[in-house]
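[1] My questions are about this predicted structure, shown below with the sequence.
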Amino acid sequence: MAALRYHLTTFGCQMNEHDSERIDGLLESLGYERAAAPSNADLILLNTCSIRESADRRLATQLGNAKRFKAARPGVVVAVGGCWAQSLKDEVFERYPFVDVAFGPGQVDRLGEFLLSDSLEAQGYFEFGGFTADLPMRSQQSASAWMQISVGCNQKCSYCIVPSTRGRELSRPFDDLVAEARRLVARGAREITLLGQNVNSYGRDLRPARHSFSELLASIDAVEGVDRLRYTSPHPQDMRSDVVAAHAELESLCEHIHLPLQSGSSRVLKAMRRTYDRERYLSRVAMIREAIPDISLTTDIIVGFPGETEADFEQTLSLVEEVQFDGAFTFVYSPRRDTEAALITEALVDAEQASERIGRLIELVQRGAQQRAQRFVGRSVEVLVEGSSRTNPERLRGRTRHNKPVNFIGVADPGDLVEVEVTGATSTSLSGEATLLASAVR
Ligand code: 5AD
Ligand code: SF4
């Protein structure tokens with residue numbers, strides 16, 4: 001299959017330029033190639049700015065073009081990032097229904113997750129993560145690297161387009177992955193994120209010898225120089241005790257799990273064909289928290305699935321309240337071609353109701369995340385330095401093992417591991433002051 005091509009247009013300031021460099025790095029590591037013009041791209045990206053009217057006008061033209069290109073070639077994905085997207089949030093989709101993905105400034109890693117996870121053609125926006133959220137440049141020279149471990153998906157979630165577009169799950173050979181981890185470390189990576197539609201079902205299709213996801217985790221952890229190991233996204237069904245034990249046992253495996261929920265109502269989960277119910281999800285969370293009490297948990301939630309009643313939605317709210325997630329990506333359901341759910345014509349949730357529900361959900365998620373984040377205040381945490389803070393160039397920024405962005409006072413270079421004393425926490429980021437170079441303490 002020919003490589004997918006992308007075209008990126010950047011508006012506005014240095015920060016956007018910087019984000020765009022990361023988008024280039026990210027897409028390159030995902031195997032995308034640059035297209036000379038948006039007219040022949042599979043992925044059209046606009047990294048937007050809302051500071052001046054002139055940028056708005058240029059953007060309007062580009063959006064108009066993207067719409068035309070997509071009308072001519074329906075498979076095209078349109079992604080809009082940056083400040084203008086952040087300011088409009090879900091209104092982007094009301095005003096420009098041909099947009100597939102919207103994300104705020106500094107949320108390039110979310111774009112990566114989005115492109116690689118289930119929703120390449122689902123509408124989604126990331127309300128979560130403010131202007132201070134930032135991320136590593138996931139390019140070849142960076143201390144953080146992505147590694148795709150499988151393609152496709154064997155699940156049959158009724159809303160999801162992936163099984164029809166990307167086919168059966170195919171795992172990359174075990175030894176190739178371990179060798180790639182070594183290569184990445186040799187190039188300067190110290191944090192590796194494993195990516196796949198359903199990472200924890202990795203390896204079942206491998207012949208002659210099958211391998212499990214937890215074996216892969218252990219073998220990559222054993223590679224000298226891998227200080228941090230992450231993965232996204234697992235399916236709750238395959239979140240078994242061996243993977244949970246790996247979190248407790250492997251030094252590099254970070255204290256963060258992104259565990260997509262989708263709905264807190266067992267009835268809706270059944271209609272979504274998620275293969276678990278509310279109780280099963282909660283018992284997985286309990287198992288995780290028993291093994292690693294301090295772990296950060298984040299999730300994906302869809303609101304407005306066909307047939308979702310107010311009572312079903314309240315089940316989602318109550319589960320969110322009960323679990324206390326450290327963050328969540330929320331999506332309004334959108335029907336995708338060739339999916340089972342797209343054929344449902346009864347009891348559809350109208351756009352107004354869905355938007356009202358997602359508003360309530362976001363508020364609850366943010367309140368919970370804000371409370372959860374307070375546990376870090378007063379603690380000393382290990383931070384992988386990414387560069388200078390986007391809101392205050394006098395400060396540095398980085399990420400904790402719990403996957404929280406941190407803005408802090410200190411002297412360090414990108415790629416350093418430092419200890420930071422946390423003095424403040426919002427729902428999306430921490431702030432603090434560096435104490436000692438962690439690598440110096442070791
Ligand atoms: N509508 C809305 N959200 C969707 N997602 C996947 N498909 C759809 C859809 N048709 C969301 C799921 C998934 C995330 C990456 O995208 O929550 O976990
Ligand atoms: Fe889609 Fe479900 Fe597979 Fe994820 S697990 S890619 S949501 S079918």
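    Yes, it's here. Ligands and ions are numbered 1, 2, ... in the order given.

[2] Where does pLDDT dip in the stretch 301-442 of the chain?
    436-442 (pLDDT under 70).

[3] Quick check, the residue in it closest to ligand 1?
    Sorted by distance to ligand 1 under C-beta to the nearest ligand atom, the residues of the stretch 301-442 of the chain start with Phe331, at 3.5 Å. (Glycine included, C-beta is placed from N, CA and C.)

[4] Which of the helices or strands spans that residue?
    Assigned by DSSP states H and E, Phe331 falls within strand 327-332.

[5] Can you give me the distance of Arg5 to ligand 1?
    22 Å (C-beta to the nearest ligand atom, to the nearest Å).

[6] Contacts only, for that residue.
    32-35, 40-43 (C-beta atoms under 8 Å, 6 or more residues apart in numbering).

[7] Next: Tyr96.
    Counted by C-beta under 8 Å, 6+ apart, Tyr96 has contacts 63, 67, 80.

[8] ok, the last one - contacts?
    It stands for Val80. Val80 neighbours (C-beta under 8 Å, 6+ apart): 45-46, 48, 63, 92, 96, 99, 101-103.

[9] go with 6 Å
    With contact set as C-beta atoms under 6 Å, 6 or more residues apart in numbering, Val80 has these partners: 46, 99, 102.

[10] Tell me what it is bridged to.
    Leu46, Ala102 (DSSP bridges).

[11] on that earlier part again, lowest pLDDT pick from the contacts of Arg5?
    Across the set of the contacts of Arg5, Tyr32 stands lowest in pLDDT, at 87.

[12] Among the contacts of Arg5, name the ones in strands.
    33-34, 43 (DSSP state E).

[13] Among those, name the buried ones.
    Buried by 16 or more other C-beta atoms under 10 Å: Leu43, out of these.

[14] quick one: the nearest residue to Ser318 once chain neighbours are set aside and Asp300, what's the gap?
    Spatially, and ignoring its direct neighbours in sequence, Ser318 is nearest to Gly264 (6.4 Å; C-beta to C-beta, 6 or more residues apart in numbering). With the distance defined as C-beta to C-beta, to the nearest Å, Gly264 ends up 12 Å from Asp300.

[15] more neighbours, the two?
    Gly264 (24 against 20; other C-beta atoms under 10 Å).

[16] what sits against the more buried one?
    Contacts of Gly264 by C-beta under 6 Å, 6+ apart are 278, 315-316, 319.

[17] low-confidence ranges in the stretch 101-250 of the chain?
    106, 109, 113-114, 116-141, 165-166.

[18] hang on, Glu386 in a strand?
    Yes: assigned with DSSP: H, G, I helix; E, B strand; the rest coil, Glu386 falls within a strand.

[19] Would you confirm that it contacts Thr400?
    No: if you go by C-beta atoms under 6 Å, Glu386 and Thr400 don't touch, sitting 11.6 Å apart.

[20] quick one: which two of the contacts of Arg5 are the most distant?
    Tyr32 and Asn40 (13.2 Å; C-beta to C-beta).

[21] So for these two, which sits in the more crowded spot?
    Tyr32 (19 against 12).

[22] Tell me how far that one lies from Pro306.
    33 Å.

[23] How about Ser158?
    The spacing between Ser158 and Pro306, counted by C-beta to C-beta, is 9 Å.

[24] Next to ligand 1 in this structure, residues from the stretch 301-442 of the chain, please.
    Within reach of ligand 1 by C-beta under 6 Å from any ligand atom, the stretch 301-442 of the chain has these residues: 302, 331, 333-334, 336.

[25] quick one, strands of the stretch 301-442 of the chain?
    327-332, 380-388, 396-400, 405-409, 417-425, 430-437 (DSSP state E, counting those that start in this stretch).

[26] The second one packs against which elements?
    Under the contact criterion of 3 or more C-beta pairs under 6 Å, 6 or more residues apart in numbering; DSSP states H and E, the helices and strands touching strand 380-388 comprise strand 396-400, strand 417-425.

[27] Let's see that with 10 Å instead.
    The helices and strands touching strand 380-388, judged by 3 or more C-beta pairs under 10 Å, 6 or more residues apart in numbering; DSSP states H and E, are strand 396-400, strand 405-409, strand 417-425, strand 430-437, helix 438-441.

[28] now swap in the fifth one and tell me
    With contacts defined as 3+ C-beta pairs under 10 Å, 6+ apart, the secondary structure elements packing on strand 417-425 are helix 351-373, strand 380-388, strand 396-400, strand 405-409, strand 430-437, helix 438-441.

[29] And for the last one?
    With contacts taken as 3+ C-beta pairs under 10 Å, 6+ apart, strand 430-437 sits against strand 380-388, strand 396-400, strand 405-409, strand 417-425.

[30] Of the ones you listed, which stretch is the most buried?
    Neighbour counts (mean count of other C-beta atoms under 10 Å) averaged over each of these peak at strand 396-400, with a mean of 27.

[31] For Thr423, list the residues it contacts.
    376-378, 408-409, 430-433 (C-beta atoms under 10 Å, 6 or more residues apart in numbering).

[32] What's the PyMOL line that selects buried ones from those residues?
    Entered in PyMOL, the line below selects the buried ones among the contacts of Thr423, by 16+ other C-beta under 10 Å:
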select buried, resi 376+408+409+430+431+432
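
[33] For ligand 2, see how far away Ala41 is.
    Counting by C-beta to the nearest ligand atom, the gap from Ala41 to ligand 2 is 23 Å.

[34] I'd like the distance between that residue and ligand 1.
    Taking C-beta to the nearest ligand atom, one finds Ala41 at 22 Å from ligand 1.

[35] can you check Val199 too?
    13 Å.

[36] neighbours of Ala145, just the number please.
    Per other C-beta under 10 Å, the neighbour tally for Ala145 reads 25.

[37] Skipping adjacent residues, who's closest to it in space?
    Ala189 is the one closest to Ala145 (C-beta to C-beta, 6+ apart), at 4.0 Å.

[38] Does Leu206 belong to a helix, a strand or coil?
    Taking three-state DSSP as the rule, one finds Leu206 in the coil state.

[39] quick one, domains of this structure?
    Residue ranges for the domains of the chain, per automatic domain parsing: 5-125, 141-254, 285-372, 377-440.
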